[in-house]
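1. one predicted model, sequence on top.
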Amino acid sequence: MLHDLALTTPLLILLFAALFTLVVDPFLPPEEGNRRFWGYFGAAASLTSVLAAALLWKFGPHEMQTAPFAYHLSATGYSLFFVALVGLCAALTHLASPRYLVEHGIAYGEFYALLHFATFGMATMISAESLITLFIGLEIMSMSVYVLVAFKRTSAASVEAGLKYFIMGSVASALLLYGTAFLYGLSGGTSFVEIQRALTKPTTGNDDLYLGLAVALTASAFLFKVAAAPLHMWAPDAYEGAPTPITGYMASAVKVAGFAAFLKFLYACLSGPAVDELHTALPKILATVAVLSMTLGNLIALSQRSAKRTLAYSSIAHAGYLLLGCVAWVADPALAGYHQPSGAVPFYLVGYALASLAAFAALASVGKGGEEQTGEVQLVGMGRQYPFAGAVLGLAMISLAGVPPTLGFFGKLQLARDVLAVDDAKYLPHIIILVLNSVVSAYYYLRITVWVYMRPEARQPRQYLTEPSLQWAMGIAAAGLLLIGLLPQRAMNIGQRSVAQIRTGVALQHLKYEFAQQGPQKVAEPVAVAPEAAEAAPGPAPAPAAPVAQGE
């Protein structure tokens with residue numbers, strides 16, 4: 001029990017930080033300036049969580065030893081990689097927030113507590129090994145982010161954005177619950193191990209229809225959370241109305257957590273002959289939605305004159321790029337005809353998260369007195385009046401556009417290679433569309449850079465926030481973009497190692513037994529089966545009594 005609790009240390013740090021903030025904040029003096037301390041505390045707690053995840057990742061892989069943990073949470077390299085990434089996003093958001101909140105009159109301790117709770121929810125859904133745990137983590141994250149979007153209570157745009165996000169997010173949660181009910185009915189369990197075990201057998205009768213409904217409902221919920229078309233309608237208003245640091249948090253951490261949970265759901269849950277035999281293949285659906293998202297997002301972004309709204313539609317386009325990468329994650333590599341996915345999608349998410357955080361931290365430095373100044377007129381001359389913020393914003397735009405040799409370029413390159421490795425003839429048209437969309441996106445990304453550097457300075461001088469914590473947030477994000485962009489192979493190797501550890505030992509034990517029972521026609525290579533598994537009854541295999549090494 002204590003061993004399993006120790007493996008959840010990154011999550012517990014975030015939870016205790018949230019509770020500590022809630023308990024202590026009411027006893028602080030009422031002056032707004034005193035709440036700025038919570039930004040530094042939150043950044044320190046989040047970075048401690050990142051350090052804990054990194055240490056577990058380095059000295060792992062680790063396995064939960066008790067059944068209640070093993071079937072609901074994991075500490076695999078995959079989970080720890082993404083927990084560390086969302087923790088880093090939270091730390092930079094904490095650093096970018098204190099002065100902004102003071103200037104906008106919303107410097108309350110609840111803001112930082114909600115940020116901790118949201119990150120804890122993300123870490124929970126990333127580490128989830130069952131649909132119940134996944135739903136609990138998703139709701140903790142969603143409820144916290146709803147409030148953070150509407151945190152500027154004196155702003156009609158912020159309140160409206162939070163209300164729209166809440167209503168549409170509730171629909172997405174309902175879709176996930178309906179899909180979970182169908183999966184439970186088909187498999188007799190809610191853990192990923194039990195569901196995948198059931199889906200190793202082809203469907204019969206009406207099971208095909210129910211499985212199709214389950215996949216459609218659950219996938220729709222995930223597509224909403226990552227703001228993919230046609231379930232993207234909430235994103236532009238929510239991004240524009242939310243406080244700027246929270247917009248950066250949504251564009252980075254929320255998208256990272258959504259895709260991390262979606263990839264695990266696809267690969268460790270919905271992979272098997274049953275899903276492969278659906279009348280409408282799941283890879284085709286993902287590829288079609290990807291093309292729709294990237295095209296729609298980029299075309300609408302061309303007409304925007306606000307940097308925040310432009311980046312909102314940009315996030316829809318990037319969701320399309322990432323969804324195309326998900327095609328390589330749909331089927332199990334142990335089944336004939338499929339390939340082990342690479343670390344391209346995790347690598348791309350690192351670059352996109354850092355670029356988004358850098359961009360919105362730079363935008364948060366523009367303007368004082370509660371005004372959002374992220375339009376074309378307000379950004380003109382920023383590069384000369386505040387060179388550091390202008391340079392960070394310009395670097396983020398170049399990386400998001402995918403201009404070589406930036407991190408964004410290498411991310412798109414690895415993503416294309418990963419998809420073409422599945423079926424180069426089938427997905428070559430989709431990759432061509434991805435390249436064309438990247439060319440289109442370069443126009444509006446570079447247009448923001450033109451506003452910052454190449455337009456005549458505004459007649460009215462602008463005021464910029466020069467808080468040290470905000471500069472640290474911009475500097476860390478920009479340094480990450482530069483360093484990883486110059487040395488991308490090491491980051492790719494880390495992503496690949498994390499992907500190789502996506503399954504727990506419990507899942508591997510089940511799959512070895514089931515594939516051995518199915519016979520060689522369903523298995524690409526012979527799989528060794530433990531003697532105890534061969535003698536076991538065909539019922540669910542028990543949780544391992546001792547840790548099982550990843551990749552065995």
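-> Looks like it arrived, so ask away.
2. need the helices for the stretch 51-200 of the chain, in chain order.
-> Using DSSP state H, counting those that start in this stretch, the helices found in the stretch 51-200 of the chain span residues 67-70, 77-96, 98-103, 109-127, 131-149, 156-187, 192-198.
3. now these as JSON lines including mean pLDDT?
-> JSON lines is the format used below for those (pLDDT from 0 to 100):
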{"stretch": "helix 67-70", "mean pLDDT": "77"}
{"stretch": "helix 77-96", "mean pLDDT": "93"}
{"stretch": "helix 98-103", "mean pLDDT": "86"}
{"stretch": "helix 109-127", "mean pLDDT": "94"}
{"stretch": "helix 131-149", "mean pLDDT": "93"}
{"stretch": "helix 156-187", "mean pLDDT": "89"}
{"stretch": "helix 192-198", "mean pLDDT": "82"}
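4. which one of these is the most hemmed in?
-> Burial of the helices of the stretch 51-200 of the chain is given as mean neighbour count (mean count of other CB atoms under 10 Å); helix 77-96 ranks first at a mean of 28. Glycine gets a C-beta too; all of them are placed from N, C-alpha and C.
5. how far off helix 109-127 does that helix point, in degrees?
-> For helix 77-96 against helix 109-127, the angle by axes from the mean of the first three to the mean of the last three CA atoms, to 10 degrees is 170 degrees.
6. could you export helix 77-96 as PDB, CA atoms only?
-> The C-alpha coordinates for helix 77-96 follow below in PDB (Å, rounded to 0.1, in the frame of the first residue of the first chain):
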ATOM      1  CA  GLY A  77       6.900   6.000 -18.100                       C
ATOM      2  CA  TYR A  78       4.100   7.300 -20.300                       C
ATOM      3  CA  SER A  79       2.000   8.600 -17.400                       C
ATOM      4  CA  LEU A  80       5.000  10.200 -15.700                       C
ATOM      5  CA  PHE A  81       6.100  11.900 -18.900                       C
ATOM      6  CA  PHE A  82       2.800  13.700 -19.400                       C
ATOM      7  CA  VAL A  83       2.300  14.400 -15.600                       C
ATOM      8  CA  ALA A  84       5.700  16.200 -15.700                       C
ATOM      9  CA  LEU A  85       4.700  18.100 -18.800                       C
ATOM     10  CA  VAL A  86       1.400  19.400 -17.400                       C
ATOM     11  CA  GLY A  87       3.200  20.200 -14.100                       C
ATOM     12  CA  LEU A  88       5.700  22.400 -16.100                       C
ATOM     13  CA  CYS A  89       2.800  24.100 -17.800                       C
ATOM     14  CA  ALA A  90       1.200  24.800 -14.400                       C
ATOM     15  CA  ALA A  91       4.400  26.200 -13.000                       C
ATOM     16  CA  LEU A  92       4.900  28.600 -15.900                       C
ATOM     17  CA  THR A  93       1.200  29.700 -15.600                       C
ATOM     18  CA  HIS A  94       1.700  30.400 -11.800                       C
ATOM     19  CA  LEU A  95       4.700  32.500 -12.600                       C
ATOM     20  CA  ALA A  96       2.800  34.500 -15.300                       C
END
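7. how many neighbours does the closest residue to A91 other than its chain neighbours have?
-> Using CB to CB, 6 or more residues apart in numbering and skipping the chain neighbours, the partner closest in space to A91 is S46 (3.8 Å). Using other CB atoms under 10 Å, S46 has 27 other residues around it.
8. so S46 sits right up against L14, yeah?
-> Yes - contact criterion CB atoms under 8 Å: S46 and L14 qualify, at 7.2 Å.
9. need the overlap of contacts for these two.
-> Listed as contacting both S46 and L14 by CB atoms under 8 Å, 6 or more residues apart in numbering are G87, A90, H116, T119.
10. list the buried residues of stretch 397-415.
-> Across stretch 397-415, burial judged by 16 or more other CB atoms under 10 Å covers 397-402, 406-415.
11. among these, which pair sits farthest apart?
-> Spatially, the most separated pair among these is M397 and Q414, at 20.7 Å (CB to CB).
12. where in this structure is pLDDT low?
-> Filtered on pLDDT under 70, the chain yields the residue ranges 31-34, 202-206, 271-280, 331-341, 367-371, 457-462, 505-552.
13. quick one on the thing from earlier: what's the closest of the helices of the stretch 51-200 of the chain to V24?
-> helix 109-127 (7.9 Å).
14. distance between that closest one and the chain's centre?
-> The chain centroid and the centroid of helix 109-127 are separated by 13 Å, computed with CA atoms, centre = their mean, to the nearest Å.
15. V380 contacts M454, correct?
-> No - under the criterion of CB under 8 Å, V380 is not in contact with M454, lying 9.3 Å apart.
16. which one's more surrounded, these two?
-> V380 (21 against 12).
17. the more buried one and S97, how far apart?
-> 26 Å (CB to CB, to the nearest Å).
18. then V289?
-> V289 is 33 Å from S97, by CB to CB.
19. looking at those two, which one has more neighbours?
-> Ranked by neighbour count (other CB under 10 Å), V289 and S97 place S97 first, with 33 against 22.
20. list the contacts for the more buried one?
-> By CB under 8 Å, 6+ apart, the contact set of S97 is G39, F111, Y112, L115, P243, P245.
21. next one: phi and psi at it?
-> Here the main-chain torsion angles of S97 (degrees, to the nearest 10) amount to phi -90, psi -40.
22. look up how far A364 lies from it.
-> Distance of S97 to A364, given as CB to CB: 8 Å.
23. just checking, F222 touches F265?
-> Yes - the pair F222 / F265 is scored as a contact, 7.0 Å apart, by CB under 8 Å.
24. neighbour count: these two, which is higher?
-> Of the pair F222 and F265, F222 is the one with more neighbours under other CB under 10 Å, namely 25 against 22.
25. so what's the nearest residue to the more buried one once chain neighbours are set aside up against?
-> Excluding its sequence neighbours, the residue lying closest to F222 (CB to CB, 6+ apart) is F262, at 4.2 Å. For F262, the contact set (CB under 8 Å, 6+ apart) comprises A219, F222, K225, V226, C326.
26. quick one: the second one from M125, how far?
-> Yep, that's F222 we're talking about. 10 Å.
27. A473 belongs to a helix, doesn't it?
-> Yes - membership of A473 in a helix is supported by DSSP: H, G, I helix; E, B strand; the rest coil.
28. how many neighbours does it have?
-> A473 has 30 neighbouring residues, counting by other CB under 10 Å.
29. contacting residues for it?
-> Residues near A473 by CB under 8 Å, 6+ apart: L92, T93, L95, A96, L357, A361.
30. I'd guessed A229 sits against N298; true?
-> No - assessed by CB under 8 Å, A229 is found out of contact with N298, at 11.0 Å.
31. picking that back up, save the shared contacts of S46 and L14 as a markdown table, and put in distance to L175 too.
-> Converted to a markdown table, the shared contacts of S46 and L14 look like this (distance: CB to CB, whole Å):
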| residue | distance to L175 |
| --- | --- |
| G87 | 28 |
| A90 | 27 |
| H116 | 27 |
| T119 | 24 |
